[in-house]
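Peer 1: Okay, structure incoming, though there's no sequence with it:
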């Protein structure tokens, strides 16, 4: 793994994918690194909003040297990002976090479960899993019919969709699809809002299958120094020897049974 | 050009340090910064036993700054001495260990454990606003500060820095209390107690309700307090609070700080410490200043 770095990079393209959801391709050597489940932190240019925003890597193009991020506008920082245009410069920090343990998927049927703005990291994950000997079932939960990344994901596995308002696919959440469609798997990789991840953890526990879940928390440094973004862990953590692992560095991907969420 | 400074008999290659809690024990930022460049690494606060810290959310951004309520999560002195000190000793930089505790006995225990170690100075954290017991309880009353300073000084083998809180009425009085208690140096400011409310959810942003404000938003307050503290005592002062650039660092030095510490800026720019050191050297060259110590407290009136 290369050292982390802060880099001034060029915005290659931007697009709006759905209401409040945007994508950006950034030109960076960081695209050479393992990316599934990892993230970069993007710095707003405004001097009022100083902290970098952690955003998962949606896709990487190693040949072109480009990373794709897909994010929801959630506050002032991401609102600023959504105004950036092709050719603009962007300061980014990366590559951060541990990522999904791809090797666990070898020879297995893998269930990829994504909810809302937790869906983007599943694309790079599904892409990288395609090179392995594994079967991929992809379950996506959206609020409504304003889908994003669904078409990209269908290239890499069988996709099932749920919407909260029932406008398309199964009404409900990702677990409703799994139960209604009788989907079975040996392994789960998931990213989404905390209530969904709690349900995934419970489901995986009942089925006795391992689930790797990607957590998020308010971050400051992004590199493991400030101890802002911790999550409770069942075992004593390696850094502080308490029960608080650093999501930015020890995670964001954890084995569900190892975290107390 | 001389950038060396001396505090309580300890020589520093330059006056730029890291602010406790923003730099871990250097390991995380060693990917970005050559720690050999730094005047000192001031470690995250360490207690006699591991502390889990506060519930999340622990951090929140504010206009030109941030709030934190980490609550001094730390692995305790055993792991710290076994893992972090040997790591830092690989580098040619001074090591200042920030010490926290809930009781006087806790502080003294950590101070004693550090006694035989290759540690250059101790910084006693009596100013963290985010823990219920200890810390700030000693840092907001002059007589309590005087007493804990005395207790620590009785046992300390290394020179002692008392880290002061800005959440007081008269910073000069607090600085004098630390000096009278035998402190070799004072450092300030720790964070200013603040609060942020999410109006959409009508809820506190931090689980702890309050947090410590840092970042460039606090700098003018910090410069003023460093100036007042430096005027009040004869012992050296380490200044900090919102330093982002070399010019910011120089403001503190001109106000009377012998050294400075860079905190939240590390989160905003992981190369900040190294860039500030370079910037100070460039300033000295440009201004034909041969010795940085000539700048300490050199601010003039109109």
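Peer 2: Here it is on my side, so go on. Owing to the predicted nature of the structure, the values given are computational and were not obtained by experimental measurement. Numbers count the residues shown, from 1 in each chain, chains lettered A, B, ... in the order given.
Peer 1: Using the three-state scheme, assign residue 238.
Peer 2: Assuming you mean chain A. What DSSP: H, G, I helix; E, B strand; the rest coil gives for residue A:238 is coil.
Peer 1: top helix in chain A by residue count?
Peer 2: Taking DSSP state H as the criterion, chain A has its longest helix at helix A:194-207.
Peer 1: Just list what the worst-scoring helix or strand of chain B on mean pLDDT packs against, helices and strands only.
Peer 2: Scoring the helices and strands of chain B by mean pLDDT, DSSP states H and E places helix B:136-139 at the bottom, with a mean of 81. Using 3 or more C-beta pairs under 8 Å, 6 or more residues apart in numbering or on different chains; DSSP states H and E as the contact test, the elements touching helix B:136-139 are helix B:142-155. To be clear about C-beta, it is placed using only N, CA and C from the backbone, and glycine gets the same treatment.
Peer 1: Next SSE downstream of the helix it packs on?
Peer 2: Downstream of helix B:142-155, the first helix or strand assigned by DSSP states H and E is strand B:160-163.
Peer 1: what comes into contact with that next one?
Peer 2: Contacts to strand B:160-163, defined as C-beta atoms under 8 Å, 6 or more residues apart in numbering or on different chains, come from residues B:20, B:96, B:98, B:121-127, B:139, B:145, B:149, B:152-153, B:178, B:181-188, B:190, B:238.
Peer 1: Out of the residues you listed, which end up buried?
Peer 2: B:20, B:96, B:98, B:121-127, B:139, B:145, B:149, B:152-153, B:178, B:181-188, B:190, B:238 (16 or more other C-beta atoms under 10 Å in any protein chain shown).
Peer 1: Let's see which of these end up in helices.
Peer 2: By the criterion of DSSP H, membership of the buried ones among the contacts of strand B:160-163 in helices covers B:139, B:145, B:149, B:152-153, B:178.
Peer 1: quick one: which two of the residues you listed are the most distant?
Peer 2: B:139 and B:153 (16.0 Å; C-beta to C-beta).
Peer 1: ok, residue A:237 touching residue A:251?
Peer 2: No. In this structure residue A:237 lies outside contact range of residue A:251 using C-beta atoms under 8 Å: 10.6 Å.
Peer 1: Mutual contacts of those two, please.
Peer 2: By C-beta under 8 Å, 6+ apart, the residues touching both residue A:237 and residue A:251 are residue A:245.
Peer 1: neighbour count winner among those two?
Peer 2: Neighbours were counted for residue A:237 and for residue A:251 using other C-beta atoms under 10 Å in any protein chain shown; residue A:251 has more, 25 against 21.
Peer 1: Leaving aside the residues adjacent along the chain, what's closest to that one?
Peer 2: Nearest residue to residue A:251 in three dimensions, chain neighbours excluded: residue A:215, at 5.6 Å (C-beta to C-beta, 6 or more residues apart in numbering or on different chains).
Peer 1: wait, that neighbour sits on residue A:247?
Peer 2: Yes. Using C-beta under 8 Å, residue A:215 makes contact with residue A:247 at a distance of 5.2 Å.
Peer 1: who has more neighbours, these two?
Peer 2: Ranked by neighbour count (other C-beta under 10 Å), residue A:215 and residue A:247 place residue A:247 first, with 27 against 19.
Peer 1: How about the residues of the stretch 151-261 of chain A by chain B?
Peer 2: Counting by C-beta under 8 Å from any C-beta of the partner chain, the residues of the stretch 151-261 of chain A close to chain B are A:217-231, A:239-244, A:249.
Peer 1: tally of neighbours for residue B:172?
Peer 2: Number of residues near residue B:172 (other C-beta under 10 Å) recorded here: 15.
Peer 1: for the strand ranked longest in chain A, packing partners?
Peer 2: The longest strand of chain A (DSSP state E) is strand A:5-18. Strand A:5-18 is packed against strand A:21-27, strand A:89-96, with contacts defined by 3+ C-beta pairs under 8 Å, 6+ apart.
Peer 1: Quick one: mean pLDDT for that strand?
Peer 2: Across strand A:5-18, pLDDT averages out at 97.
Peer 1: low-scoring pLDDT stretches of the chain, where are they?
Peer 2: Using chain A. The model of chain A has pLDDT under 70 over residues A:1.
Peer 1: The intended chain is chain B.
Peer 2: Within chain B, the ranges that satisfy pLDDT under 70 run B:132-135.
Peer 1: related to what we said a few turns ago, which strands border the next helix or strand after the longest helix of chain A, and is each parallel or antiparallel?
Peer 2: Next in sequence after helix A:194-207, counting helices and strands by DSSP H and E, comes strand A:211-214. Within its sheet, strand A:211-214 is paired with strand A:187-191 (parallel), strand A:253-255 (antiparallel), according to DSSP bridges.
Peer 1: can you redo these as JSON lines with distance to residue A:77 and mean neighbour count?
Peer 2: Shown next, in JSON lines, are the strands paired with strand A:211-214 (distance: least, C-beta to C-beta, whole Å; neighbours: other C-beta atoms under 10 Å in any protein chain shown):
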{"stretch": "strand A:187-191", "distance to residue A:77": "20", "mean neighbour count": "26"}
{"stretch": "strand A:253-255", "distance to residue A:77": "23", "mean neighbour count": "20"}
